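*Asks:* structure of the sequence below:
(chains A and B)
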Amino acid sequence: MSRKDEPFFVGYLPLPAGLKGFTLFISLAVFVLFFGAGLLIGATQDAPEDTGFRFDFGRQTVTGVVELTPYPILRVTEGNDRIAPGKTMMLTAAGKSGVDMRAMGLEGQLAQISGIVLERGTIDMMQLRGGRNGISPVEGNAPAMEIEPLGRWKLAGEICDGKCLYGAMRPGRGLAHKACANLCITGDVPPVFVSTQPVEGQEFMLITGPEATRMPQEAYDFVGQFVTLEGDIERRGDLLVLQIDPATIALVDE
Amino acid sequence: MNTAEFLLMVVKWWGAIGALVALVFLTVGMDRIDEDADGAYVFRPLLIPGILLIWPLVLWRWYCLAFETDHWAHRYKPRRHNHRIFAYVMPIAIVLVIAAGLSVRQQWPAHIAPEQLSAPEASQ
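*Replies:* Next up, the predicted model:
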């Protein structure tokens, strides 16, 4: 067959008869390849059960005492049928942003929060509605809230953003996960530490810096990687708060 | 400013400059360098995402075409010459990068148990 007689594909003309088999084969091969790759990639991802946004609960509204760790949390004093008093809710906003600015003036005060619950096991976070619909002060005297120190610990695990590990996503791995988590933490979503094994019954704990400061700059480089670190732990309601010592963070040896 | 904040700032500025380039190029520049685009507007918003990403290339090509510093045929020559090389190198590189990434991936240290270094009283 001379080159003159070879079928030639032109997008706006009918498909030449000699290319139909080839086109069908390539189309099927590409479909099978990408379908298989999708299945393979999906099957290798972590998929914890009973996690995620609980849109099925509907919008939840509870009242409690705001504490700034400095990341804002709410110690629930008046709950509802889903959220019991004594629960501690971490707070976040939609997307990769936190509620620090909105909670700033409410430390130690009673406030009402409203939003959608994210949960993983026994831990909960609430994604607040916008503006004062999400968090607003409530009249009344805030009761004193107990903070129980649990001593200094050495832990192994991962530093991540709270939203990812509280069920907004399947927790990922690798560089994309690290970049995603760093964006969340930069946007004031509270950082969390997931421990290899439970500490006082909890595998997840809110991270702060030493002396109740924000997560230290050094820790950003270790986000999404498996590390060992030391820090002081305290219990606030059913939430553990880990004040990490940045000088002790080290990658887990391979 | 930490590394993550710096990267985020760079991306924001890159996008902002790209948006400015897109605005000027799609409203003023395109008509001057491509007579086929004269009077055609519906497709222009489709170019915005691409311009946001590769606005330096857009500016360079805009300059070349506006000042007639290149010959149209030269545009295609280098890429055609390198097609075969890239056709082999790119899929091999992608597989190698993925394999390298997976080979250095950490394993979840499930064997390391939490250890209490000091009791609450001592730490307070």
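*Asks:* sticking with the residue nearest the centre of chain B, tell me its helix or strand.
*Replies:* Centroid-nearest residue in chain B: B:L53, 5.2 Å away (criterion: CA atoms, centre = their mean). Here B:L53, judged by DSSP states H and E, is contained in helix B:48-66.
*Asks:* counting contacts, what elements does that helix pack onto?
*Replies:* helix B:3-24, helix B:30-33 (3 or more CB pairs under 8 Å, 6 or more residues apart in numbering or on different chains; DSSP states H and E). C-betas here are computed from N, CA, C, even on glycine.
*Asks:* just to revisit the earlier point, contacting residues for the residue nearest to the centre of chain B?
*Replies:* By CB atoms under 8 Å, 6 or more residues apart in numbering or on different chains, B:L53 lies in contact with B:G18.
*Asks:* now the helix holding B:L53 and helix B:3-24, what's the angle there?
*Replies:* 60 degrees (axes from the mean of the first three to the mean of the last three CA atoms, to 10 degrees).
*Asks:* can you give me the buried ones in helix B:48-66?
*Replies:* Residues B:I51, B:L52, B:W55, B:V58, B:L59, B:W62, B:L65 are the ones in helix B:48-66 that count as buried (16 or more other CB atoms under 10 Å in any protein chain shown).
*Asks:* return the item of those residues having minimum pLDDT.
*Replies:* Within these, pLDDT reaches its minimum at B:L65, with 88.
*Asks:* that one and B:I33 touch, don't they?
*Replies:* Yes: the pair formed by B:L65 and B:I33 meets the contact definition of CB atoms under 8 Å, at 4.1 Å.
*Asks:* can you list the domains in chain A?
*Replies:* Following automatic domain parsing, chain A resolves into domains at A:3-43, A:51-137, A:148-251.
*Asks:* deepest of these, which one?
*Replies:* Highest mean neighbour count among these (mean count of other CB atoms under 10 Å in any protein chain shown): domain A:148-251, with a mean of 20.
*Asks:* now do it: distance to the chain's middle.
*Replies:* Centre-to-centre, domain A:148-251 and its host chain are 11 Å apart (CA atoms, centre = their mean, to the nearest Å).
*Asks:* and among the helices and strands packed on helix B:48-66, the most buried is which?
*Replies:* The most buried one of those (mean count of other CB under 10 Å) is helix B:30-33, showing a mean of 16.
*Asks:* contacting residues around it?
*Replies:* Counting by CB under 8 Å, 6+ apart, B:A37, B:D38, B:R44, B:W62, B:L65, B:A66 sit against helix B:30-33.
*Asks:* spell out which parts of the stretch 51-200 of chain A neighbour chain B.
*Replies:* Residues of the stretch 51-200 of chain A found near chain B (CB under 8 Å from any CB of the partner chain) are A:148-157, A:173-175, A:179, A:182-183, A:185-186, A:195-199.
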